[in-house]
Every structure is written in structure tokens, then in C-alpha cells.
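K.L.:
fold the following for me, if possible:
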Amino acid sequence: MLSVPEYIHSPFIRKQGNIYKPNNKSMDNDSLNEKTMQDVHTKEIDLVNRDPKHLNDHVVKVDFEDVIAEPAGTYSFDGVWKASFTTFTVTKYWFYRLLTALVGIPLALIWGIFFAILSFLHIWAVVPCIKSYLIEIHCVSQVYSICVHTFCDPLFEAIGKCFSSIRVTTTKVV
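P.N.:
Below is the predicted model:
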């Protein structure tokens with residue numbers, strides 16, 4: 001008879017099989033039900049609400065009425081006013097689209113590179129430097145605290161005792 005080796009602690013064996021290669025369907029269903037991280041590169045974009053975080057609510061809302069206005073008593077012909085409104089609105093609409101088509105994609109590339117570099121520097125340089133500084137300054141703060149308690153506390157306590165007997169009274173002279 002072959003003897004089975006006895007373990008101090010029993011090895012961990014999943015009922016569903018190997019976690020890397022599940023051998024039954026219940027494991028696959030469980031793994032599908034687990035919370036998965038959503039990939040930000042494949043998320044759908046909202047083509048209706050293009051400013052969901054309201055970044056430009058107070059900045060670039062420029063309509064015809066915000067730029068051109070005729071005060072009472074100085075009105076142009078109604079046809080000129082309508083044509084001006086249409087010209088302004090259509091020109092702004094199409095020129096914005098033309099600029100975004102020509103310059104938007106290169107600028108998106110530049111801003112993507114910029115924020116990638118900024119993220120890289122923050123993750124791999126800034127935070128480690130700050131953590132290193134905090135670790136090093138902790139040692140310095142301990143030494144500084146000992147010096148303050150050793151030299152300054154007795155001095156200020158003595159000065160406090162010297163001035164504790166001084167009484168100031170004010171009288172109003174009429």
C-alpha cells in the first residue's frame with residue numbers, strides 16, 4: 001500500500017479545480033459574476049452630453065446675444081438682424097467643427113502625451129520623493145523635538161515663573 005504524505009496544513013484545493021484553468025462550468029459562471037474592473041480605454045462615450053463634468057459651463061458659452069446686442073432706439077433692419085444672427089451662428093458652428101477636425105486630433109495627441117508624462121512623473125517621481133522626504137523628516141523631527149524639550153522648555157518655564165508675579169492694574173483717571 002502506498003502511503004499518502006501527511007501535511008501539517010492541508011494544501012488548499014479549490015472544489016472547482018485550478019484557478020487558472022477551471023475544469024467545470026460553475027467556476028466560469030462564478031468568475032463572470034465577480035466584480036470586474038472596467039477598462040477606461042474601451043468605455044463608451046456619450047455623444048449627447050459631451051461635458052458630463054461641466055468643465056466649460058462658465059467659460060465658453062458664447063451665443064449671438066452674448067456678443068452682439070442693439071440697445072433700444074438703435075435697431076437695424078429686421079432682415080439685417082436675422083441675417084447677422086444666422087451668419088454668426090452658422091460661422092461659429094462650422095468654423096469650430098473645421099478647427100476641431102484639423103487641430104483637435106493633434107492637440108488630443110499632445111494632451112494625451114502631456115498627461116501621460118505628468119502621470120508617470122507623479123507616480124514614479126513625485127510621490128516616492130514625498131514619501132522619502134516624510135521618512136527622513138520624521139527622524140529630524142524627533143531630534144528637533146528632543147532639542148526643544150531639552151533647551152527651550154526649561155527656559156520658557158523659568159521666564160514664565162519670573163513674569164508670573166507681575167500684576168498689571170489699570171485705573172481710569174477722570
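
K.L.:
from the chain's centroid, how far away is stretch 131-145?
P.N.:
For stretch 131-145, the separation from the chain centroid amounts to 28 Å (computed by CA atoms, centre = their mean, to the nearest Å).

K.L.:
an error on my part: the question was meant for stretch 90-108.
P.N.:
Taking CA atoms, centre = their mean, one finds the center of stretch 90-108 at 28 Å from the center of the full chain.

K.L.:
point to the residue nearest the middle of this protein.
P.N.:
Computing the C-alpha centroid of the chain and ranking residues by CA atoms, centre = their mean puts S119 first, at 10.8 Å.

K.L.:
so what does the one helix or strand T89 maps to touch, helix or strand wise?
P.N.:
According to DSSP states H and E, T89 maps onto helix 78-99. Here helix 78-99 touches helix 64-67, going by 3 or more CB pairs under 8 Å, 6 or more residues apart in numbering; DSSP states H and E. Every C-beta, even on glycine, is put in place using the N, C-alpha and C of the backbone.

K.L.:
any stretches of the chain with poor pLDDT?
P.N.:
Within the chain, the ranges that satisfy pLDDT under 70 run 1-42.

K.L.:
all helices for it, in order.
P.N.:
Here the chain has its helices, by DSSP state H, at 25-33, 64-67, 78-99, 105-121, 127-147, 153-163.

K.L.:
list the contacts of the third one.
P.N.:
It refers to helix 78-99. Under the criterion CB atoms under 8 Å, 6 or more residues apart in numbering, residues V62, D63, F64, V67, I68, E70, Y75, S76 lie in contact with helix 78-99.

K.L.:
show me which of the residues you listed is closest to W111.
P.N.:
Each of the contacts of helix 78-99 was scored against W111 by CB to CB, and V62 proved nearest at 22.3 Å.
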